[in-house]
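Undergrad: Provide a 3D model corresponding to the input given below.
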Amino acid sequence: MSAGALPEGGFAAALPARPLPPDGRRLQVDTQAGDIWVERLAGAALADRLEELAVLRLAVLGEFPYLYPGSAAYEERYLSGLGSLPGGLILAAFDRSRMVAAVTGAPLDQELDTLRDPFAHAGRDLRSIFYFGEVVVLPSHRGRGIGTALLETGESHIRETDRFTSAAFGEIVRSADHPRRPKTYRTPDAAWRRLGYRLEPEIGGTLSWCDAGDREETAKPLRFWVKSLATDIGA
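TA: Below you'll find the predicted structure:
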């Protein structure tokens, strides 16, 4: 996981508008901003959009609950590695000519030990689980179904492989009285449940990083959500 603290205004100023991807899929979402397109980024397409994607992630993952001060150089290395990973998935959504959201993922057996181990200790088959990393949406485009549509598009990609029986992701747990928690912040738990994800209370872990403004790393608790795909792939 990577992040940073570039504000949305900085994102808009940092990268000019670019043409829509020629082979993207149209997403039918509730938006006032016009058509939303999604493109799977890999190979030359990822290389072409790498800077945009890195800056988008920096703009969003610097916010609560992540608070992670990243760098464009690190993001680009991480995303390039994910793009070359067998089974790795990167999807980006575009509002007209602007990248406004993205989702990443990979087979769980190719993920970090800190993400694999909680599932292994719970007796889960890592090879049958696809792990979504982060769903990032710019503040101006939240609440319009774009993140949900991206996640559903990602699920459709992994169903096509006939390999995975479930999808999962981790949620960072921050205290209700965290000093940097915005008063308007609400967890998207209800949206995840509507998509069919269920909290797995017996699976838990931690990830460590240094919050923006801090000098030392601290461990952040993770709780995991899992969705069965068995009925969707005929298992």
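
Undergrad: which residue sits closest to the residue nearest the centre of the chain, ignoring its sequence neighbours?
TA: With distances taken as CA atoms, centre = their mean, Glu134 lies nearest the centre of the chain, 1.8 Å away. Nearest residue to Glu134, sequence neighbours excluded (CB to CB, 6 or more residues apart in numbering): Thr104, at 6.0 Å. (Each C-beta comes from the backbone N, C-alpha and C, glycine too.)

Undergrad: which element is that neighbour on?
TA: Taking DSSP states H and E as the definition, Thr104 sits inside strand 98-107.

Undergrad: what helices or strands is that strand leaning on?
TA: In terms of contacts (3 or more CB pairs under 8 Å, 6 or more residues apart in numbering; DSSP states H and E), strand 98-107 is packed against helix 43-61, helix 72-84, strand 89-95, strand 129-137, helix 146-159.

Undergrad: what's next to the helix or strand following the last one, contact-wise?
TA: Spelled out, that is helix 146-159. Remark: after helix 146-159, the chain's next helix or strand is strand 166-172, criterion DSSP H and E. Contacts with strand 166-172, where a contact means CB atoms under 8 Å, 6 or more residues apart in numbering, come from 65-66, 108, 115, 119, 128-133, 135, 154-155, 158, 187, 197, 205, 207, 220-230.

Undergrad: what's the answer for stretch 124-134, then?
TA: 1, 57, 61, 87, 89, 102-109, 111, 115-116, 119-120, 151, 154, 158, 163-170, 203, 226.

Undergrad: go again using 6 Å as the cut-off
TA: Here stretch 124-134 makes contact (CB atoms under 6 Å, 6 or more residues apart in numbering) with 104-105, 107-109, 111, 116, 119, 158, 164-169.

Undergrad: which among those gets closest to Trp192?
TA: Phe169 (8.3 Å; CB to CB).

Undergrad: how close does the closest one get to Gly62?
TA: Using CB to CB, to the nearest Å, one obtains 19 Å as the distance from Phe169 to Gly62.

Undergrad: same deal with Ala92?
TA: 18 Å.

Undergrad: so which of these two has more stuff around it?
TA: Ala92 (25 against 19; other CB atoms under 10 Å).

Undergrad: and the nearest residue to the more buried one once chain neighbours are set aside, how many neighbours?
TA: Leaving aside its sequence neighbours, Ala92 sits nearest to Ala102 (CB to CB, 6+ apart; 4.6 Å). Residues contacting Ala102 under the criterion other CB under 10 Å number 27.
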